[in-house]
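> I'd like to go over a predicted model; first the sequence, then the structure.
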Amino acid sequence: MRVVVTGNLGYVGTVMTPIIAAAGHEVWGLDTGYYRGCILGDLGETGLSRQIDRDVRRVTAEDLRGADAVIHLAALSNDPTGELNPGLTSDINYEASVRIAGLCKQVGISRYIFASSCSIYGQSDAGALTEDAEFNPQTAYARSKVDTEAAVSALADDEFSPTFMRNATAYGFSPRLRLDVVVNNLTGWAVTTNQVRLLSDGRAWRPLVHVEDMSYACAAALAVPRERVHNEALNVGREEDNYQIRSIAETVAEIVPNCVVTFAEGASADNRNYNVCFSKIRRVLPEFEPRWNVRKGIEQLYRAYTETDLNGDRFGGREFTRLKQLQHLLDTTRVNDSLYWL
Ligand SMILES: NC(=O)c1ccc[n+]([C@@H]2O[C@H](COP(=O)([O-])OP(=O)(O)OC[C@H]3O[C@@H](n4cnc5c(N)ncnc54)[C@H](O)[C@@H]3O)[C@@H](O)[C@H]2O)c1
């Protein structure tokens, strides 16, 4: 297949494109490039045969014509960036995602894989959440995922099969690293300061998935007959990687030498707390075999951070924290208030 990966110059996309290419597909990337130069270590093979420099709000039918599938990753990708300007999150994450789905239909692209998120479940004490659980989005980011799923699902028909990958919180190394996701962040504190200081009691639960496994799940969804994943939502992850934040910190301290963990009293200001069930993806997509777990992921990050010499300045800088990089582009008038390049 010829597969367009939007958001290919981000944390997940940089890891995903070579994996999709290795699965035998021709891969086109489409991205506006907010984090293009934010690279730790070597970029490695991209697997791309074409790069389309485009904002997702301005994608045209001609950009997509000739492709067989779209994996739509491009987004303002975390909760704090959503709060920066909720209107912008809606424009980029929701409106553009629905528009691209419409363009896919227009040019005869039958497969649309959407990077949704388990954060749509928000906060819940209801035990392990299945895909039928009630949504409880806590942020503009999570609401954009709920709204996109609803609107794109309504476009499904005999010629168009969207699939909604509700990814757990990603972890693991990517050359376009993110340090604003929890496992990568706590490992970064440990490596650069020998301390992991939680600002809460760390009892909140969070489902986690390695960035490579996220990519393998998309590859598996492309490989199976369309009917199997037609208009389906799938939680992407594994039960064993539902972690309490404090256990992540403790695992980091077991792996990074001379690391001390401290906790504060009370719950976190980030009120996401949920435990997710992954039995549907095992049933619907048995071809997806996760290869990572959190411990292995922390070991990978530890090696990568020490080999690439991630120091305190880079750890605290803008390159690997999405909100800081966007703020830098705004402050230096590289982009306007709507995040279009100037
Ligand atoms: N990382 C996670 O923990 C996680 C978890 C669940 C779901 N997801 C979803 O996976 C996707 C990828 O996440 P990520 O962690 O790689 O994020 P990221 O911020 O690293 O990458 C997002 C990419 O999208 C691009 N982009 C943003 N706005 C754009 C626009 N207007 N036009 C064109 N390109 C634009 C950025 O330049 C960037 O390359 C997102 O949709 C995210 O919501 C991520």
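Looks like it arrived, so ask away.
> burial measure for the residue of the stretch 201-342 of the chain at minimum distance from the ligand, as a count.
Here the stretch 201-342 of the chain gets closest to the ligand at one residue, Arg322, 4.9 Å apart by Cβ to the nearest ligand atom. Any C-beta I mention is one placed from the backbone N, CA and C, and that applies to glycine too. Using other Cβ atoms under 10 Å, Arg322 is surrounded by 23 other residues.
> thinking it is in contact with Asp180, fair?
Yes - here Arg322 reaches Asp180: they are 5.8 Å apart, a contact under Cβ atoms under 8 Å.
> And the pLDDT at the residue of the stretch 201-342 of the chain closest to the ligand?
pLDDT for Arg322: 95.
> Show me the strands in the chain, by range?
Counting by DSSP state E, the chain has these strands, from start to end: 2-6, 26-31, 48-53, 69-72, 111-117, 123-129, 161-167, 169-171, 195-197, 205-210, 232-236, 242-244, 260-262, 273-276.
> Ramachandran coordinates for the closest residue to Leu179 other than its chain neighbours?
Among residues not flanking Leu179 along the chain, Phe320 sits closest, at 4.2 Å (Cβ to Cβ, 6 or more residues apart in numbering). Note on Phe320: its backbone torsions stand at phi -120, psi 10 [degrees, to the nearest 10].
> check contacts around Phe320.
Going by Cβ atoms under 8 Å, 6 or more residues apart in numbering, Phe320 touches Cys38, Leu40, Leu177, Arg178, Leu179, Asp180, Arg314.
> Show me what from the stretch 151-300 of the chain comes close to the ligand.
Asn167, Thr169, Ala170, Arg178, Val181 (Cβ under 6 Å from any ligand atom).
> Neighbour-wise, which one of the residues you listed leads?
Using other Cβ under 10 Å as the neighbour criterion, Ala170 leads those with 28 neighbours.
> Identify the residues contacting that residue.
Contacts of Ala170 (Cβ under 8 Å, 6+ apart): Tyr11, Val12, Arg178, Val181, Leu208, Val209, His210, Val211, Met214.
> partner residues bridging the fifth one?
What that stands for is Leu208. Residues in a beta bridge with Leu208, per DSSP bridges, are Thr169.
> What is the neighbour count of it?
As a burial measure, Leu208 scores 27 neighbours (other Cβ under 10 Å).
> was I right about it contacting Gln244?
No - Leu208 is beyond contact range of Gln244, at 11.0 Å (criterion: Cβ under 8 Å).
> Any stretches of the stretch 51-200 of the chain with poor pLDDT?
Where the stretch 51-200 of the chain drops to pLDDT under 70, the residues are 79-83.
> Swap in 50 and give it another go.
Scanning the stretch 51-200 of the chain for pLDDT under 50 picks out nothing.
> So which residues of it form helices?
61-64, 79-84, 86-89, 96-107, 140-153, 182-193 (DSSP state H, counting those that start in this stretch).
> and Leu326, what does it touch?
Applying Cβ under 8 Å, 6+ apart, the residues near Leu326 are Tyr34, Leu76, Thr81, Leu84, Val335, Leu339.
> Try it again at 10 Å.
Leu326 is in contact with Tyr34, Tyr35, Leu76, Pro80, Thr81, Leu84, Asn85, Leu88, Arg318, Val335, Leu339, counting by Cβ atoms under 10 Å, 6 or more residues apart in numbering.
> Kindly report the same for Leu342.
Going by Cβ under 10 Å, 6+ apart, the list of residues near Leu342 reads Leu329, Thr332, Thr333, Arg334, Val335, Asn336.
> For ChimeraX, what selects the buried ones among these?
The ChimeraX command for the buried members of the contacts of Leu342 (criterion: 16 or more other Cβ atoms under 10 Å) is given here:
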select :329,335
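> just curious, which of the contacts of Leu342 is nearest to Phe288?
Distance to Phe288, by Cβ to Cβ, is smallest for Leu329 among the contacts of Leu342, at 35.4 Å.
> which non-adjacent residue is nearest that closest one?
Among residues not flanking Leu329 along the chain, Val335 sits closest, at 4.5 Å (Cβ to Cβ, 6+ apart).
> Spit out the contact partners of the one you found.
Val335 neighbours (Cβ under 10 Å, 6+ apart): Thr32, Tyr34, Leu326, His328, Leu329, Trp341, Leu342.
> repeat for Ser117
75, 77-79, 137, 141-142, 144-146, 164-170, 236.
> again, but for Ala126
By Cβ under 10 Å, 6+ apart, Ala126 lies in contact with Ala133, Glu134, Asn136, Tyr274, Asn275.
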